[in-house]
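**Q** pasting the structure only:
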Ligand SMILES: O=C(O)CCC(=O)C(=O)O
Ligand SMILES: [Fe+2]
(Lines give C-alpha, C1' and ligand atoms only; values in the text may rest on other atoms or scores of the structure.)
(Ligands and ions follow the chains in the order given, each with its own letter.)
Protein backbone atom coordinates (compact mmCIF):
# COMPACT_ATOMS: atom_id res chain seq x y z
CA UNK A 1 0.00 0.00 0.00
CA UNK A 2 1.51 3.34 -1.03
CA UNK A 3 -0.85 5.47 1.01
CA UNK A 4 1.84 6.32 3.55
CA UNK A 5 -0.66 5.29 6.16
CA UNK A 6 1.00 4.24 9.42
CA UNK A 7 -0.70 2.39 12.24
CA UNK A 8 1.15 2.86 15.52
CA UNK A 9 0.64 1.81 19.12
CA UNK A 10 2.50 1.93 22.42
CA UNK A 11 2.71 -1.46 24.14
CA UNK A 12 5.64 -1.42 26.56
CA UNK A 13 4.52 -4.91 27.65
CA UNK A 14 3.77 -6.58 24.35
CA UNK A 15 2.40 -9.68 26.10
CA UNK A 16 -0.68 -7.55 26.87
CA UNK A 17 -1.29 -6.59 23.25
CA UNK A 18 -2.61 -10.02 22.17
CA UNK A 19 -5.97 -8.85 20.84
CA UNK A 20 -4.51 -6.00 18.79
CA UNK A 21 -1.83 -8.31 17.42
CA UNK A 22 -4.32 -11.06 16.50
CA UNK A 23 -6.77 -8.67 14.86
CA UNK A 24 -4.13 -6.82 12.87
CA UNK A 25 -2.66 -10.13 11.71
CA UNK A 26 -6.09 -11.28 10.56
CA UNK A 27 -6.52 -8.18 8.36
CA UNK A 28 -2.84 -7.83 7.48
CA UNK A 29 -2.63 -4.38 9.05
CA UNK A 30 1.00 -3.65 9.94
CA UNK A 31 1.18 -2.11 13.43
CA UNK A 32 4.33 -0.38 14.59
CA UNK A 33 4.92 -0.60 18.35
CA UNK A 34 6.53 2.66 19.48
CA UNK A 35 6.77 1.18 22.99
CA UNK A 36 9.11 -1.74 22.19
CA UNK A 37 11.94 -1.80 24.68
CA UNK A 38 10.74 1.36 26.39
CA UNK A 39 10.84 0.87 30.16
CA UNK A 40 7.56 1.73 31.86
CA UNK A 41 7.92 3.33 35.28
CA UNK A 42 5.24 2.58 37.85
CA UNK A 43 2.77 5.45 38.14
CA UNK A 44 3.50 6.68 34.65
CA UNK A 45 0.38 7.87 32.86
CA UNK A 46 -0.47 8.30 29.20
CA UNK A 47 1.89 11.24 28.62
CA UNK A 48 4.60 8.79 27.60
CA UNK A 49 2.37 7.47 24.78
CA UNK A 50 2.01 10.95 23.33
CA UNK A 51 5.68 11.78 23.71
CA UNK A 52 6.59 8.61 21.83
CA UNK A 53 4.08 9.51 19.13
CA UNK A 54 5.47 13.05 18.89
CA UNK A 55 8.96 11.63 18.41
CA UNK A 56 7.65 9.36 15.65
CA UNK A 57 5.79 12.23 13.95
CA UNK A 58 8.86 14.46 13.98
CA UNK A 59 10.53 12.16 11.46
CA UNK A 60 7.62 11.98 9.00
CA UNK A 61 6.85 13.98 5.86
CA UNK A 62 3.70 16.10 6.02
CA UNK A 63 1.80 13.90 3.58
CA UNK A 64 1.82 10.86 5.85
CA UNK A 65 -1.25 9.72 7.75
CA UNK A 66 -0.93 8.22 11.22
CA UNK A 67 -3.49 6.12 13.05
CA UNK A 68 -2.76 5.76 16.75
CA UNK A 69 -4.41 2.98 18.76
CA UNK A 70 -3.93 1.96 22.39
CA UNK A 71 -2.00 -1.27 22.76
CA UNK A 72 -3.92 -3.33 25.30
CA UNK A 73 -7.59 -2.75 24.52
CA UNK A 74 -8.01 -2.02 20.81
CA UNK A 75 -8.79 -4.19 17.83
CA UNK A 76 -9.08 -3.57 14.10
CA UNK A 77 -11.82 -5.29 12.11
CA UNK A 78 -10.94 -4.40 8.51
CA UNK A 79 -7.95 -4.10 6.15
CA UNK A 80 -5.99 -0.86 6.03
CA UNK A 81 -7.53 0.50 2.80
CA UNK A 82 -11.04 0.30 4.26
CA UNK A 83 -9.85 2.03 7.42
CA UNK A 84 -8.18 4.77 5.35
CA UNK A 85 -11.36 5.17 3.26
CA UNK A 86 -13.43 5.89 6.37
CA UNK A 87 -10.96 8.56 7.43
CA UNK A 88 -11.09 10.23 4.01
CA UNK A 89 -14.90 10.16 4.07
CA UNK A 90 -14.85 12.17 7.30
CA UNK A 91 -13.10 15.05 5.44
CA UNK A 92 -11.19 16.28 8.46
CA UNK A 93 -7.49 16.54 9.31
CA UNK A 94 -7.74 14.65 12.60
CA UNK A 95 -10.51 12.31 13.75
CA UNK A 96 -10.75 11.09 17.36
CA UNK A 97 -12.78 8.22 18.77
CA UNK A 98 -15.63 9.43 20.98
CA UNK A 99 -16.71 8.01 24.31
CA UNK A 100 -19.73 8.15 26.56
CA UNK A 101 -18.19 8.76 30.00
CA UNK A 102 -16.03 11.64 31.14
CA UNK A 103 -13.07 9.93 32.86
CA UNK A 104 -10.43 12.57 33.52
CA UNK A 105 -9.87 14.26 36.87
CA UNK A 106 -10.08 17.72 35.38
CA UNK A 107 -13.72 18.30 34.47
CA UNK A 108 -14.04 19.72 30.96
CA UNK A 109 -17.21 17.76 30.23
CA UNK A 110 -19.44 20.85 29.92
CA UNK A 111 -17.60 21.89 26.75
CA UNK A 112 -18.74 18.86 24.76
CA UNK A 113 -22.22 19.04 23.25
CA UNK A 114 -24.65 16.13 23.37
CA UNK A 115 -24.72 13.79 20.37
CA UNK A 116 -27.14 11.36 18.79
CA UNK A 117 -25.05 8.30 19.62
CA UNK A 118 -24.58 9.35 23.24
CA UNK A 119 -20.82 9.33 22.73
CA UNK A 120 -19.74 12.94 23.12
CA UNK A 121 -16.30 13.10 24.75
CA UNK A 122 -12.89 12.71 23.21
CA UNK A 123 -11.36 9.26 23.59
CA UNK A 124 -7.57 9.35 23.56
CA UNK A 125 -7.23 5.63 22.82
CA UNK A 126 -7.79 5.83 19.07
CA UNK A 127 -7.34 8.65 16.55
CA UNK A 128 -6.10 9.27 13.03
CA UNK A 129 -4.77 12.32 11.26
CA UNK A 130 -2.37 13.90 8.80
CA UNK A 131 1.19 13.96 10.14
CA UNK A 132 1.51 17.74 9.80
CA UNK A 133 -1.81 18.36 11.56
CA UNK A 134 -1.03 15.92 14.35
CA UNK A 135 2.37 17.57 14.86
CA UNK A 136 0.73 20.93 15.31
CA UNK A 137 -2.12 19.55 17.39
CA UNK A 138 0.36 17.89 19.77
CA UNK A 139 2.81 20.80 19.91
CA UNK A 140 2.24 21.74 23.57
CA UNK A 141 4.75 19.98 25.85
CA UNK A 142 3.66 17.33 28.33
CA UNK A 143 5.44 15.10 30.86
CA UNK A 144 5.51 11.33 30.58
CA UNK A 145 3.38 11.10 33.70
CA UNK A 146 0.77 13.67 32.62
CA UNK A 147 -2.73 12.47 31.81
CA UNK A 148 -3.04 12.11 28.04
CA UNK A 149 -6.83 12.26 28.08
CA UNK A 150 -6.82 15.75 29.65
CA UNK A 151 -4.02 16.94 27.37
CA UNK A 152 -5.83 15.77 24.23
CA UNK A 153 -9.20 17.12 25.35
CA UNK A 154 -7.70 20.55 26.06
CA UNK A 155 -5.93 20.58 22.68
CA UNK A 156 -9.16 19.52 21.00
CA UNK A 157 -11.15 22.33 22.63
CA UNK A 158 -8.49 24.87 21.62
CA UNK A 159 -8.53 23.71 18.02
CA UNK A 160 -12.25 23.18 17.61
CA UNK A 161 -13.26 26.54 19.08
CA UNK A 162 -11.68 28.62 16.32
CA UNK A 163 -8.22 30.06 15.99
CA UNK A 164 -6.86 27.03 14.13
CA UNK A 165 -6.99 25.98 10.51
CA UNK A 166 -6.75 22.32 11.46
CA UNK A 167 -10.05 20.54 11.10
CA UNK A 168 -10.52 18.26 14.11
CA UNK A 169 -13.58 16.16 14.85
CA UNK A 170 -14.84 13.54 17.23
CA UNK A 171 -16.18 10.39 15.61
CA UNK A 172 -19.49 10.59 17.48
CA UNK A 173 -21.25 8.81 14.59
CA UNK A 174 -19.04 5.70 14.81
CA UNK A 175 -17.83 6.15 11.25
CA UNK A 176 -14.51 4.50 12.03
CA UNK A 177 -14.14 4.13 15.81
CA UNK A 178 -16.35 2.60 18.47
CA UNK A 179 -15.56 2.90 22.18
CA UNK A 180 -16.92 0.11 24.31
CA UNK A 181 -18.45 0.46 27.72
CA UNK A 182 -20.15 -2.32 29.62
CA UNK A 183 -23.31 -0.21 29.66
CA UNK A 184 -23.55 0.57 25.94
CA UNK A 185 -26.36 -1.68 24.76
CA UNK A 186 -26.25 -0.39 21.18
CA UNK A 187 -23.16 -2.32 20.02
CA UNK A 188 -23.70 -5.72 18.46
CA UNK A 189 -21.79 -8.06 16.16
CA UNK A 190 -23.55 -9.01 12.96
CA UNK A 191 -23.54 -12.45 11.32
CA UNK A 192 -20.96 -11.15 8.84
CA UNK A 193 -18.74 -10.36 11.83
CA UNK A 194 -19.09 -6.63 11.55
CA UNK A 195 -19.43 -4.23 14.45
CA UNK A 196 -22.84 -2.54 14.36
CA UNK A 197 -23.86 0.53 16.31
CA UNK A 198 -27.64 0.31 16.21
CA UNK A 199 -28.30 3.86 17.47
CA UNK A 200 -26.56 5.54 14.55
CA UNK A 201 -26.78 2.53 12.21
CA UNK A 202 -23.06 2.53 11.43
CA UNK A 203 -20.50 -0.22 11.12
CA UNK A 204 -17.30 1.09 12.72
CA UNK A 205 -14.03 -0.72 12.00
CA UNK A 206 -11.97 -0.12 15.14
CA UNK A 207 -13.06 -1.07 18.63
CA UNK A 208 -11.55 0.44 21.75
CA UNK A 209 -12.20 -0.99 25.23
CA UNK A 210 -10.80 1.18 27.95
CA UNK A 211 -12.58 2.29 31.07
CA UNK A 212 -13.07 -0.09 33.94
CA UNK A 213 -12.76 -3.87 34.25
CA UNK A 214 -16.35 -4.47 33.17
CA UNK A 215 -15.77 -2.41 30.01
CA UNK A 216 -12.60 -4.37 29.29
CA UNK A 217 -14.47 -7.64 29.66
CA UNK A 218 -17.19 -6.42 27.31
CA UNK A 219 -14.46 -5.52 24.83
CA UNK A 220 -12.90 -8.97 25.15
CA UNK A 221 -16.29 -10.61 24.63
CA UNK A 222 -17.06 -8.51 21.55
CA UNK A 223 -13.62 -9.45 20.23
CA UNK A 224 -14.40 -13.12 20.79
CA UNK A 225 -17.70 -12.69 18.86
CA UNK A 226 -15.66 -11.26 16.00
CA UNK A 227 -13.46 -14.35 16.14
CA UNK A 228 -10.56 -12.41 17.60
CA UNK A 229 -8.98 -13.29 20.90
CA UNK A 230 -5.57 -13.29 22.43
CA UNK A 231 -3.62 -16.15 20.96
CA UNK A 232 -3.96 -18.95 23.45
CA UNK A 233 -1.18 -19.84 25.81
CA UNK A 234 1.08 -22.62 24.46
CA UNK A 235 2.22 -25.30 26.89
CA UNK A 236 5.74 -26.65 26.40
CA UNK A 237 5.99 -30.37 25.67
CA UNK A 238 8.24 -32.26 28.09
CA UNK A 239 9.17 -35.18 25.80
CA UNK A 240 9.08 -37.28 28.94
CA UNK A 241 12.04 -35.41 30.46
CA UNK A 242 12.20 -34.38 34.12
CA UNK A 243 14.73 -33.88 36.92
CA UNK A 244 14.52 -35.11 40.47
CA UNK A 245 15.19 -31.97 42.52
CA UNK A 246 14.30 -33.12 46.04
CA UNK A 247 12.95 -36.12 47.97
CA UNK A 248 9.98 -37.26 45.85
CA UNK A 249 9.96 -33.87 44.13
CA UNK A 250 10.43 -33.51 40.37
CA UNK A 251 10.84 -30.60 37.99
CA UNK A 252 9.79 -30.43 34.34
CA UNK A 253 9.14 -28.00 31.48
CA UNK A 254 5.73 -26.35 31.36
CA UNK A 255 5.60 -22.76 30.02
CA UNK A 256 7.96 -20.43 28.27
CA UNK A 257 8.70 -17.26 30.29
CA UNK A 258 6.94 -15.21 27.55
CA UNK A 259 3.84 -17.38 27.96
CA UNK A 260 4.04 -16.84 31.74
CA UNK A 261 3.95 -13.08 31.17
CA UNK A 262 0.96 -13.50 28.87
CA UNK A 263 -0.87 -15.53 31.51
CA UNK A 264 -0.17 -12.89 34.20
CA UNK A 265 -1.44 -10.17 31.83
CA UNK A 266 -4.62 -12.18 31.13
CA UNK A 267 -5.21 -12.69 34.85
CA UNK A 268 -4.63 -9.03 35.67
CA UNK A 269 -6.91 -7.92 32.84
CA UNK A 270 -9.59 -10.22 34.25
CA UNK A 271 -8.79 -8.76 37.62
CA UNK A 272 -11.04 -10.71 40.00
CA UNK A 273 -9.07 -12.49 42.67
CA UNK A 274 -11.03 -14.59 45.15
CA UNK A 275 -10.23 -16.76 48.13
CA UNK A 276 -10.50 -20.53 47.92
CA UNK A 277 -9.57 -21.08 51.56
CA UNK A 278 -12.69 -19.66 53.20
CA UNK A 279 -12.17 -16.41 55.00
CA UNK A 280 -8.70 -17.14 56.27
CA UNK A 281 -7.02 -15.14 53.51
CA UNK A 282 -7.93 -12.09 51.46
CA UNK A 283 -9.04 -12.65 47.88
CA UNK A 284 -5.97 -13.53 45.81
CA UNK A 285 -6.78 -16.51 43.60
CA UNK A 286 -8.19 -16.96 40.13
CA UNK A 287 -9.29 -20.34 38.81
CA UNK A 288 -8.09 -21.04 35.30
CA UNK A 289 -11.51 -22.38 34.26
CA UNK A 290 -13.01 -19.03 35.35
CA UNK A 291 -10.40 -17.01 33.52
CA UNK A 292 -10.70 -18.97 30.29
CA UNK A 293 -12.52 -22.30 30.11
CA UNK A 294 -10.90 -23.15 26.77
CA UNK A 295 -7.47 -22.67 28.26
CA UNK A 296 -8.38 -24.96 31.14
CA UNK A 297 -9.64 -27.56 28.65
CA UNK A 298 -6.39 -27.27 26.76
CA UNK A 299 -4.40 -27.78 29.96
CA UNK A 300 -6.49 -30.86 30.74
CA UNK A 301 -5.44 -32.33 27.38
CA UNK A 302 -1.81 -31.34 27.92
CA UNK A 303 -1.91 -32.94 31.36
CA UNK A 304 -3.40 -36.20 30.06
CA UNK A 305 -1.08 -36.48 27.05
CA UNK A 306 2.13 -35.20 28.53
CA UNK A 307 2.57 -34.36 32.23
CA UNK A 308 0.70 -37.44 33.35
CA UNK A 309 3.18 -39.66 31.48
CA UNK A 310 5.99 -38.27 33.60
CA UNK A 311 4.01 -38.61 36.81
CA UNK A 312 3.11 -42.23 36.07
CA UNK A 313 6.70 -42.99 35.15
CA UNK A 314 8.30 -41.48 38.24
CA UNK A 315 5.65 -42.57 40.75
CA UNK A 316 5.12 -46.02 39.20
CA UNK A 317 2.85 -47.96 39.75
CA UNK A 318 0.44 -45.17 40.62
CA UNK A 319 -2.18 -44.78 37.84
CA UNK A 320 -5.32 -42.95 36.84
CA UNK A 321 -4.51 -39.41 37.75
CA UNK A 322 -6.64 -36.61 36.30
CA UNK A 323 -6.24 -32.87 36.35
CA UNK A 324 -8.74 -31.60 38.87
CA UNK A 325 -8.17 -27.89 39.04
CA UNK A 326 -5.68 -25.18 38.19
CA UNK A 327 -5.47 -21.68 39.58
CA UNK A 328 -3.29 -18.62 39.60
CA UNK A 329 -2.34 -17.20 42.99
CA UNK A 330 -1.13 -13.66 43.54
CA UNK A 331 0.85 -12.57 46.58
CA UNK A 332 2.13 -9.14 47.59
CA UNK A 333 3.21 -7.54 50.89
CA UNK A 334 0.11 -5.33 51.14
CA UNK A 335 -2.49 -8.00 50.34
CA UNK A 336 -1.88 -11.71 50.88
CA UNK A 337 1.86 -12.11 51.48
CA UNK A 338 2.10 -15.82 52.38
CA UNK A 339 0.24 -19.11 52.64
CA UNK A 340 0.63 -21.08 55.87
CA UNK A 341 1.91 -24.65 56.00
CA UNK A 342 -0.56 -27.24 54.69
CA UNK A 343 -0.95 -30.39 52.64
CA UNK A 344 -3.08 -30.32 49.49
CA UNK A 345 -6.32 -32.17 48.80
CA UNK A 346 -4.61 -33.36 45.64
CA UNK A 347 -2.95 -36.64 44.62
CA UNK A 348 -0.02 -34.98 42.90
CA UNK A 349 0.31 -31.22 42.99
CA UNK A 350 2.29 -28.90 40.79
CA UNK A 351 3.46 -25.34 41.12
CA UNK A 352 4.87 -23.01 38.47
CA UNK A 353 6.55 -19.70 39.20
CA UNK A 354 5.08 -17.28 36.64
CA UNK A 355 7.58 -14.56 37.55
CA UNK A 356 10.56 -14.05 39.85
CA UNK A 357 10.88 -10.28 40.18
CA UNK A 358 9.87 -10.25 43.85
CA UNK A 359 11.63 -10.89 47.15
CA UNK A 360 10.95 -13.82 49.49
CA UNK A 361 7.93 -15.88 48.49
CA UNK A 362 9.54 -19.28 47.85
CA UNK A 363 7.47 -22.39 48.47
CA UNK A 364 9.04 -24.32 51.34
CA UNK A 365 8.62 -28.07 51.93
CA UNK A 366 9.65 -28.41 55.59
CA UNK A 367 9.98 -32.23 55.85
CA UNK A 368 11.99 -32.38 52.61
CA UNK A 369 13.91 -29.15 53.32
CA UNK A 370 13.26 -28.17 49.70
CA UNK A 371 12.65 -24.63 48.48
CA UNK A 372 11.42 -23.55 45.04
CA UNK A 373 13.78 -20.56 45.21
CA UNK A 374 15.98 -21.88 42.41
CA UNK A 375 13.25 -23.35 40.21
CA UNK A 376 13.27 -21.34 36.96
CA UNK A 377 10.22 -19.35 35.84
CA UNK A 378 7.85 -21.53 33.80
CA UNK A 379 9.09 -24.94 35.09
CA UNK A 380 6.68 -27.09 37.04
CA UNK A 381 7.61 -28.56 40.45
CA UNK A 382 5.56 -31.70 41.19
CA UNK A 383 5.09 -33.56 44.52
CA UNK A 384 2.68 -36.02 46.19
CA UNK A 385 0.06 -33.72 47.68
CA UNK A 386 -1.82 -35.34 50.52
CA UNK A 387 0.43 -36.62 53.31
CA UNK A 388 4.18 -36.32 53.16
CA UNK A 389 4.86 -32.98 51.50
CA UNK A 390 3.54 -30.26 53.78
CA UNK A 391 4.52 -26.91 52.35
CA UNK A 392 4.03 -23.20 52.76
CA UNK A 393 4.20 -20.11 50.58
CA UNK A 394 6.72 -18.01 52.45
CA UNK A 395 6.21 -14.30 52.91
CA UNK A 396 6.67 -12.03 49.91
CA UNK A 397 8.58 -9.02 51.26
CA UNK A 398 8.71 -6.90 48.09
CA UNK A 399 7.09 -7.04 44.66
CA UNK A 400 4.27 -9.27 43.45
CA UNK A 401 4.48 -13.05 43.13
CA UNK A 402 2.31 -15.02 40.72
CA UNK A 403 2.18 -18.81 40.73
CA UNK A 404 0.14 -21.32 38.82
CA UNK A 405 -0.92 -24.34 40.87
CA UNK A 406 -2.37 -27.59 39.56
CA UNK A 407 -4.25 -30.15 41.59
CA UNK A 408 -5.02 -33.70 40.50
CA UNK A 409 -7.33 -36.48 41.65
CA UNK A 410 -7.94 -40.19 41.18
CA UNK A 411 -11.27 -39.66 39.44
CA UNK A 412 -12.43 -37.18 36.89
CA UNK A 413 -14.74 -34.41 38.14
CA UNK A 414 -13.72 -34.91 41.75
CA UNK A 415 -14.28 -31.30 42.67
CA UNK A 416 -15.02 -31.66 46.37
CA UNK A 417 -12.43 -30.03 48.50
O1 LIG B 1 2.09 -20.41 45.90
C2 LIG B 1 2.68 -21.10 46.70
O3 LIG B 1 3.85 -20.85 47.05
C4 LIG B 1 2.02 -22.28 47.32
C5 LIG B 1 0.66 -22.56 46.78
C6 LIG B 1 0.07 -23.78 47.36
O7 LIG B 1 0.71 -24.51 48.03
C8 LIG B 1 -1.34 -24.14 47.09
O9 LIG B 1 -2.04 -23.36 46.45
O10 LIG B 1 -1.77 -25.22 47.51
FE1 LIG C 1 -0.39 -26.31 48.50
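**A** The structure has been received and is ready for your questions. Just so we're clear, the structure is a prediction, and the values are computed from it rather than from any experiment. Ligands and ions are numbered 1, 2, ... in the order given.

**Q** How is the protein divided into domains?
**A** The chain breaks down by automatic domain parsing into domains covering 5-225, 243-408.

**Q** closest to ligand 1 out of the ones you listed?
**A** Taking C-beta to the nearest ligand atom, domain 243-408 is the member of those nearest to ligand 1, at 3.1 Å. Any C-beta I mention is one placed from the backbone N, CA and C, and that applies to glycine too.

**Q** Isn't residue 285 up against residue 325?
**A** No. Counting by C-beta atoms under 8 Å, residue 285 stays clear of residue 325, with 10.5 Å between them.

**Q** Which residues of this protein lie near ligand 1?
**A** For the chain, the residues in contact with ligand 1 under the definition C-beta under 6 Å from any ligand atom are 329, 339, 344, 351, 363, 391, 393, 403, 405.

**Q** All the helices of the stretch 151-300 of the chain, in order from the start?
**A** Taking DSSP state H, counting those that start in this stretch as the criterion, the stretch 151-300 of the chain carries its helices at 213-225, 257-270, 288-291, 293-302.

**Q** Give me the buried positions along the first one.
**A** If I follow you right, that is helix 213-225. 215-220, 222-223 (16 or more other C-beta atoms under 10 Å).

**Q** and if you look at the last one?
**A** Buried residues in helix 293-302, defined by neighbour count with 16+ other C-beta under 10 Å: 295-296, 298-300, 302.

**Q** Kindly report the same for the second one.
**A** Neighbour-count burial for helix 257-270, with 16+ other C-beta under 10 Å as criterion, is recorded at 259-270.

**Q** coming back round to it: would you mind putting the buried residues of helix 213-225 into CSV with distance to residue 320 and pLDDT alongside?
**A** Formatted as CSV, the entries for the buried residues of helix 213-225 read as follows, by distance: C-beta to C-beta, whole Å; pLDDT from 0 to 100:
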residue, distance to residue 320, pLDDT
215, 45, 89
216, 40, 87
217, 37, 86
218, 42, 91
219, 42, 93
220, 36, 90
222, 42, 94
223, 39, 94
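
**Q** For residue 99, state which of those residues is nearest.
**A** Minimum distance to residue 99 across these is 9.8 Å, recorded for residue 215 (C-beta to C-beta).

**Q** which ones are touching the closest one?
**A** Residue 215 sits next to 180-182, 209 when contact means C-beta atoms under 8 Å, 6 or more residues apart in numbering.

**Q** Max pairwise distance over those residues: which two?
**A** Longest distance between any two of these is 9.9 Å, between 182 and 209; criterion C-beta to C-beta.

**Q** how close does the nearest residue to residue 272 once chain neighbours are set aside sit to residue 400?
**A** Spatially, and ignoring its direct neighbours in sequence, residue 272 is nearest to residue 286 (6.7 Å; C-beta to C-beta, 6 or more residues apart in numbering). Distance of residue 286 to residue 400, given as C-beta to C-beta, to the nearest Å: 14 Å.

**Q** quick one: which of these two has more around it?
**A** More neighbours sit around residue 286 than around the other of residue 286 and residue 400, counting by other C-beta atoms under 10 Å; the figures are 23 against 17.

**Q** hang on, the more buried one packs against residue 326?
**A** No. Taking contacts as C-beta under 8 Å, residue 286 lies outside contact range of residue 326: 10.1 Å.

**Q** separation between residue 19 and residue 75?
**A** Taking C-beta to C-beta as the measure, residue 19 falls 5 Å from residue 75.

**Q** any common contacting residues for those two?
**A** Common neighbours of residue 19 and residue 75, counting by C-beta under 8 Å, 6+ apart, are 219, 223, 228.

**Q** would CSV of those with distance to residue 376 be doable?
**A** Shown next, in CSV, are the shared contacts of residue 19 and residue 75 (distance: C-beta to C-beta, whole Å):
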residue, distance to residue 376
219, 34
223, 33
228, 32
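
**Q** Which residues are in contact with the residue nearest to residue 272?
**A** Counting by C-beta under 8 Å, 6+ apart, residue 286 has contacts 267, 270, 272-274, 327-328, 330.

**Q** Output the below-cut-off pLDDT ranges for the stretch 201-350 of the chain.
**A** Judged against pLDDT under 70, the low-scoring parts of the stretch 201-350 of the chain cover residues 276-283.

**Q** Strands of that one, residue ranges please.
**A** Secondary structure of the stretch 201-350 of the chain (DSSP state E, counting those that start in this stretch): strands at 206-208, 243-246, 249-252, 285-287, 322-331, 339-342, 348-353.

**Q** re earlier: for the residue nearest to residue 272, give its distance to residue 82.
**A** Computed as C-beta to C-beta, the residue 286 to residue 82 distance reads 38 Å.

**Q** what do you get for residue 224?
**A** With distances defined as C-beta to C-beta, the gap from residue 224 to residue 82 amounts to 22 Å.

**Q** hmm, back to that, so among the contacts of residue 286, which ones count as buried?
**A** Buried members of the contacts of residue 286, counted by 16+ other C-beta under 10 Å: 267, 270, 273, 327-328, 330.

**Q** I appreciate the help and will end here.
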